[in-house]
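Trainee: Return a 3D structure for these sequence lines:
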Amino acid sequence: MRSNCLIFFALAAIAPTMAAGDTALVVGNSRYDEAATIRAADDLLDATRALETAGFDVFEGEDLSGAEIRALVSDLLVTGEDTRMIIALSGHFAQSEATGGDSWFLGRETDAPDLATIGAQGIAVSTILDVAGMAAGRAVVLLGTEDRAIELGVGLQPGIGDLDVPQGVTVMTGEAREIARFLRRDLLEPGMAVATMLRDSDNLTGFGFLSRGLAFIDAPEAEGAAADAIVPPASVEVSDEAEMALWAAATELDTEASYRAYLQRYPDGPNAAEAQARMVARALNPEQRAERAEAELSLNRTARQDIQRDLSILDYDPRGIDGIFGPGSRAAIRGWQQATGYEPTGFLTREQIARLSDMSDLRAAELEREAQLRAEEQERNDRAFWDATGQGGDEVGLRAYLERYPDGVFADIATARLDDIEVAARQAAAAEEGAAWDRARDADTVEAYRTYLQTYPEGSFAGAARSRIAELQGGGQDPALLAQWEAREAALNMPTVTRQLIEQRLAALGLDPGRVDGQFDEDTRRAMRRYQQARNLEVTGFLDQGTVVRLLADSVGAIIRQ
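Mentor: Numbers count the residues shown, from 1 in each chain. From the prediction side, this is the model:
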């Protein structure tokens, strides 16, 4: 395999100073990250030596990304006005019937693009044809593909659509192997007219300028007349159309190099002033351009909070849902961009924001489905354990159940039955022990219950005393850890209306948070623990940023105000 990056960057470096001779652009995209291999695509590159022998300056690349393809095409704009041009592309193509057959040649990173995002993952065939139009009467475009699997989004279909071919441009389409063979064997045959070549190639389809009288490569005996042989016929008027084609290609590529190429060719052209302004704007470094583009979106604080929430749902931590894009948010954006195939600038485009939102919605729905399945499994296990411990038939079984499932389906029933057992035990207990237990209950402290247990380690209320000690100690949790959870929730600084929204959300999920009054009592804490447990969140019974984001992922607007 050829060294793609070496070829690409070497050509990019020399293109601006290269002599303007006959030019060929050859790209074979055989291997794709998320699509089936186009097996014969790289056969195109076997023609490189023959093209160079025929006098062509060759721009070539193998398995290029969309950005690399566009940069290579941009370099092609420096070709001279009176030269031959061959553009040969082989790989996956996509078309849109909704836009009248617009087509795109796709980069190797292509991953289920839709009509809104495909421009970032390849190059429009119309741009290729506009570039070829700069050499009207002397330009041949070859497009090869295969019927291989590729996932495309809304508005796109595989293949090459109806082409609007500029005047004086020859286009041929067909199977990748046939296109490669045509380039190697036929197109460079001296003295052969394109129409004659096409007649001998049953598996190719031709469009546009199909001359029967002009040879694309001059016959040896006509070498002295080569300059005349490649001049387009009188019916092909190229001056205005060439300028329009070059401007269309420059604006589609939208790079500093493309506008410079236009100005070199047409320094006083009708679009020269606009080209100069755009070239200056594109001279900024990529991060500056990205920052300017995001600033032009005028994102308000709510929109920024939505973006931060989307990033958080996708596990890219923005370090806060505050509507302020600080270092944490920029790092999260860069991480998402890199994972999604965008340039990791840390600044967003409108297209990226839309895609981020779509991905977040899908992930939120997926998380909710996972949570539902997990909750159903937990309930099955809960009920099975209830049955295994005798369905609350004795104190041992009830306490074992509550120890395993303190917020379980039968927690209220188990607690009520234990209360009944305690009442019965009180009635059966000796007066002295009952008095000791009353003192412990009145004090309701860990020390008071320990005093009771020291006196009555096997007493009628021993089980209740141990359970109450565990409750007072936070279910066995470290008091320092409880204090940390409380502080983390307090730092959210949520007003009463927000706390009520959270209770309403828990109630809507059937988690029974008790009275919706903005006061987080034990019922609320239990509902929170159930919610956190079903969603694989840290089970604390207290709120943190992650729990709030998940709770209100489907709600309207932001809930954390600072």
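Trainee: Okay, residue 530 and residue 524: tell me how far apart.
Mentor: Residue 530 sits 11 Å away from residue 524, going by Cβ to Cβ, to the nearest Å. (Glycine included, C-beta is placed from N, CA and C.)
Trainee: how about the helices in the stretch 401-550 of the chain?
Mentor: Using DSSP state H, counting those that start in this stretch, the helices of the stretch 401-550 of the chain run over 411-428, 431-443, 446-455, 462-472, 479-491, 496-508, 522-534, 545-551.
Trainee: pLDDT of the second one, averaged?
Mentor: The reference is to helix 431-443. Across helix 431-443, pLDDT averages out at 85.
Trainee: max-length helix in this protein?
Mentor: If you go by DSSP state H, the chain has its longest helix at helix 350-388.
Trainee: Would you mark the buried spots in that helix?
Mentor: For helix 350-388, burial by neighbour count (16 or more other Cβ atoms under 10 Å) applies to 352-353, 355-356, 359-360, 364, 371, 375, 378, 382, 385-386.
Trainee: tilt between it and helix 522-534?
Mentor: 110 degrees (axes from the mean of the first three to the mean of the last three Cα atoms, to 10 degrees).
Trainee: before we move on, the earlier item: from the buried residues of helix 350-388, which is closest to residue 147?
Mentor: Using Cβ to Cβ, residue 355 comes nearest to residue 147 of these, at 28.2 Å.
Trainee: got the contact list for the closest one?
Mentor: Residues near residue 355 by Cβ atoms under 8 Å, 6 or more residues apart in numbering: 117, 340.
Trainee: for residue 33, same thing?
Mentor: With contacts defined as Cβ under 8 Å, 6+ apart, residue 33 is in contact with 108, 109, 110, 111.
Trainee: Now residue 124: closest residue in space, sequence neighbours ignored.
Mentor: In this structure, residue 124 finds its nearest non-sequential neighbour in residue 104, 5.5 Å apart by Cβ to Cβ, 6 or more residues apart in numbering.
Trainee: Show me how this protein divides into domains.
Mentor: Listed by automatic domain parsing, the domain ranges of the chain are 4-282, 286-348, 389-472, 482-551.
Trainee: Once you drop chain neighbours, what's closest to residue 34?
Mentor: Excluding the flanking residues, the one nearest residue 34 by Cβ to Cβ, 6+ apart is residue 111, at 4.4 Å.
Trainee: okay, now the one you found: neighbour count?
Mentor: Residues near residue 111, counting by other Cβ atoms under 10 Å, number 15.
Trainee: does the closest residue to residue 204 other than its chain neighbours belong to a helix or a strand, and which?
Mentor: Computed as Cβ to Cβ, 6+ apart, the closest residue to residue 204 that is not its neighbour in sequence is residue 174, at 4.1 Å. Element membership of residue 174, judged by DSSP states H and E, is strand 169-175.
Trainee: Point out where this structure drops to low pLDDT.
Mentor: 1-20, 78-82, 213, 220-239, 283-285, 390, 392, 429, 472-478, 554-562 (pLDDT under 70).
Trainee: For the residue minimising distance to the centre of it, give me its contacts.
Mentor: Closest to where the C-alpha atoms of the chain average out (Cα atoms, centre = their mean) is residue 340, at 3.9 Å. For residue 340, the contacting residues are 352, 355, 359, by Cβ under 8 Å, 6+ apart.
Trainee: Could you grab the helix/strand/coil label for residue 25?
Mentor: strand (DSSP: H, G, I helix; E, B strand; the rest coil).
Trainee: isn't it right up against residue 90?
Mentor: No. Using Cβ atoms under 8 Å, residue 25 is not in contact with residue 90; the gap is 11.8 Å.
Trainee: Those two: who's more crowded?
Mentor: The neighbour count for residue 25 versus residue 90, taken as other Cβ under 10 Å, is higher for residue 90 (30 against 26).
Trainee: what residues are up against the more buried one?
Mentor: Going by Cβ under 8 Å, 6+ apart, residue 90 touches 27-30, 38, 40-44, 142-145, 176, 179-180.
Trainee: next one: residue 441
Mentor: By Cβ under 8 Å, 6+ apart, residue 441 lies in contact with nothing.
Trainee: one more time with 10 Å
Mentor: By Cβ atoms under 10 Å, 6 or more residues apart in numbering, the contact set of residue 441 is 422, 448, 449, 452, 461, 464, 465, 468.
Trainee: Neighbour count added to the residues you listed, as JSON lines?
Mentor: Output for these, formatted as JSON lines (neighbours: other Cβ atoms under 10 Å):
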{"residue": "422", "neighbour count": "18"}
{"residue": "448", "neighbour count": "20"}
{"residue": "449", "neighbour count": "24"}
{"residue": "452", "neighbour count": "25"}
{"residue": "461", "neighbour count": "24"}
{"residue": "464", "neighbour count": "23"}
{"residue": "465", "neighbour count": "22"}
{"residue": "468", "neighbour count": "19"}
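Trainee: Of the contacts of residue 33, grab the buried ones for PyMOL.
Mentor: Here is the PyMOL command that selects the buried residues among the contacts of residue 33 (16+ other Cβ under 10 Å):
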select buried, resi 108+109+110
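Trainee: so which of the contacts of residue 33 comes closest to residue 550?
Mentor: The closest of these, once distances to residue 550 are taken by Cβ to Cβ, is residue 111, at 26.7 Å.
Trainee: What segments of this structure are strands?
Mentor: Taking DSSP state E as the test, the strands found in the chain are 23-28, 57-62, 85-90, 93-96, 102-106, 122-124, 139-145, 157-158, 169-175, 205-208.
Trainee: As a markdown table, those strands with distance to residue 274 would be great.
Mentor: Listed next are those as a markdown table, based on distance: least, Cβ to Cβ, whole Å:
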| stretch | distance to residue 274 |
| --- | --- |
| strand 23-28 | 26 |
| strand 57-62 | 26 |
| strand 85-90 | 25 |
| strand 93-96 | 28 |
| strand 102-106 | 24 |
| strand 122-124 | 20 |
| strand 139-145 | 25 |
| strand 157-158 | 35 |
| strand 169-175 | 25 |
| strand 205-208 | 28 |
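Trainee: Of all these, which one comes closest to residue 320?
Mentor: Minimum separation from residue 320 across the strands of the chain (Cβ to Cβ) falls at strand 122-124, 36.5 Å.
Trainee: Each with direction, which strands does that closest one pair with?
Mentor: Strand 122-124 sits in its sheet next to strand 102-106 (antiparallel), going by DSSP bridges.
Trainee: could the contacts of residue 441 go into CSV alongside distance to residue 165?
Mentor: As requested, the contacts of residue 441 are exported to CSV (distance: Cβ to Cβ, whole Å):
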residue, distance to residue 165
422, 90
448, 93
449, 90
452, 95
461, 93
464, 88
465, 90
468, 86
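Trainee: Please tell me how far residue 447 sits from residue 465.
Mentor: Plainly put, residue 447 is 12 Å away from residue 465 if you go by Cβ to Cβ.
Trainee: Check the contact lists of those two and give me the overlap.
Mentor: Residues touching both residue 447 and residue 465 by Cβ under 10 Å, 6+ apart: residue 440.
Trainee: So the residue nearest to residue 34 sits against residue 65, correct?
Mentor: No. With contact defined as Cβ atoms under 10 Å, residue 111 does not count as touching residue 65 (11.5 Å).
Trainee: what touches both of these two?
Mentor: Both residue 111 and residue 65 are in contact with 33, 121, 341, where contact means Cβ under 10 Å, 6+ apart.
Trainee: hang on, the earlier thing: nearest to residue 256, of the buried residues of helix 350-388?
Mentor: Using Cβ to Cβ, residue 352 comes nearest to residue 256 of these, at 21.9 Å.
Trainee: Not counting residues beside it along the chain, what's closest to that closest one?
Mentor: Counting by Cβ to Cβ, 6+ apart, residue 352 lies nearest to residue 342, which is 6.1 Å off, once chain neighbours are set aside.
Trainee: For that neighbour, grab the count of nearby residues.
Mentor: 20.
Trainee: That one against residue 336, yeah?
Mentor: Yes. Residue 342 is in contact with residue 336 according to Cβ under 10 Å; the separation is 8.2 Å.
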